[in-house]
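Colleague: Model the following, please.
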Amino acid sequence: MTQPDGKETPSRLSTTLVECAVAGFFVLVGAVVAIDSRRIGAGWADDGPQAGYFPFYIGLALAAAGLVTLFDALRVEAKWNRSFATREQLARIAQVFVPTCVYVLGIYLIGIYFASALFIGYFMKRHGNFRWPMLAGVSIGVPLSLFMLFERWFLVSLPKGPIERLLGF
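Modeller: Residues are numbered from 1 along each chain as shown. Model prediction:
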């Protein structure tokens with residue numbers, strides 16, 4: 001929303017509030033990873049590290065980074081008055097975030113290869129305004145290349161949907 005003087009109306013979220021929320025989220029995720037890693041074994045066994053050894057230390061590092069970020073966000077008082085983002089900036093973020101969420105849901109519903117083709121095609125048309133031949137070539141070529149790389153050469157199966165199952169994959 002634009003004010004009468006032409007300036008963008010800031011959002012009501014302060015930068016500090018957003019930084020604290022994100023830092024808290026990372027502390028929580030890091031703690032969950034570290035605690036669960038201890039549950040499955042985060043020590044050193046006779047034959048080497050247990051299954052939770054590396055995730056435990058990654059969880060600790062993640063939680064520590066969150067705590068440092070939280071401390072940093074709270075110590076600078078001037079940031080409490082700064083706006084996190086304008087409405088226009090938030091709208092631009094949504095233009096990427098919403099299609100990405102649809103893409104993740106699409107992976108579950110139709111498989112990674114077809115969802116990726118649609119996702120790439122959408123972004124090429126919506127944000128790049130590419131012509132149809134280029135759009136079709138890239139949005140079909142990239143998932144096809146990834147299919148060959150993962151399914152045929154590395155023998156790693158990625159999530160497939162009903163279309164791939166109908167084709168026998």
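Colleague: And the contacts of stretch 125-142?
Modeller: Stretch 125-142 is contacted from outside by 95, 116-118, 120-121, 124, using Cβ atoms under 8 Å, 6 or more residues apart in numbering. Every residue, glycine included, has its C-beta placed from N, CA and C.
Colleague: Most neighbours among those, please name it.
Modeller: For these, neighbours were counted using other Cβ atoms under 10 Å, and S116 has the most, 22 neighbours in all.
Colleague: Contact partners for that one?
Modeller: 103, 107, 142-143, 146.
Colleague: Which two of the contacts of stretch 125-142 have the greatest separation?
Modeller: The span of the contacts of stretch 125-142, defined through Cβ to Cβ, is set by Q95 and A117 at 19.8 Å.
Colleague: before we move on, the earlier item: which single one of the contacts of S116 is nearest to L60?
Modeller: Lowest distance from L60 to the contacts of S116 (Cβ to Cβ) belongs to I107, with 30.4 Å.
Colleague: Helix or strand: which one has the closest one?
Modeller: Element membership for I107 (DSSP states H and E) is helix 87-110.
Colleague: got the buried residues for that helix?
Modeller: For helix 87-110, a neighbour-count test (16 or more other Cβ atoms under 10 Å) marks 99, 103, 106-107, 110 as buried.
Colleague: Kindly report the same for stretch 51-62.
Modeller: Neighbour count says stretch 51-62 has 52-53, 55-56, 59-60, 62 buried, by 16+ other Cβ under 10 Å.
Colleague: Which one of these is nearest to G30?
Modeller: Nearest to G30 among the buried residues of stretch 51-62, with distances taken as Cβ to Cβ, is L62, at 3.3 Å.
Colleague: The nearest residue to that closest one once chain neighbours are set aside and G41: what is the separation?
Modeller: Using Cβ to Cβ, 6 or more residues apart in numbering and skipping the chain neighbours, the partner closest in space to L62 is G30 (3.3 Å). Going from G30 to G41 by Cβ to Cβ, to the nearest Å gives 18 Å.
Colleague: Have a look at these two and say which one is more surrounded.
Modeller: G30 (20 against 14).
Colleague: dump the residue contacts of the residue nearest the centre of the chain.
Modeller: Nearest to the geometric centre of the chain sits T100, at 8.5 Å (Cα atoms, centre = their mean). Neighbour list for T100: F119 [criterion: Cβ under 8 Å, 6+ apart].
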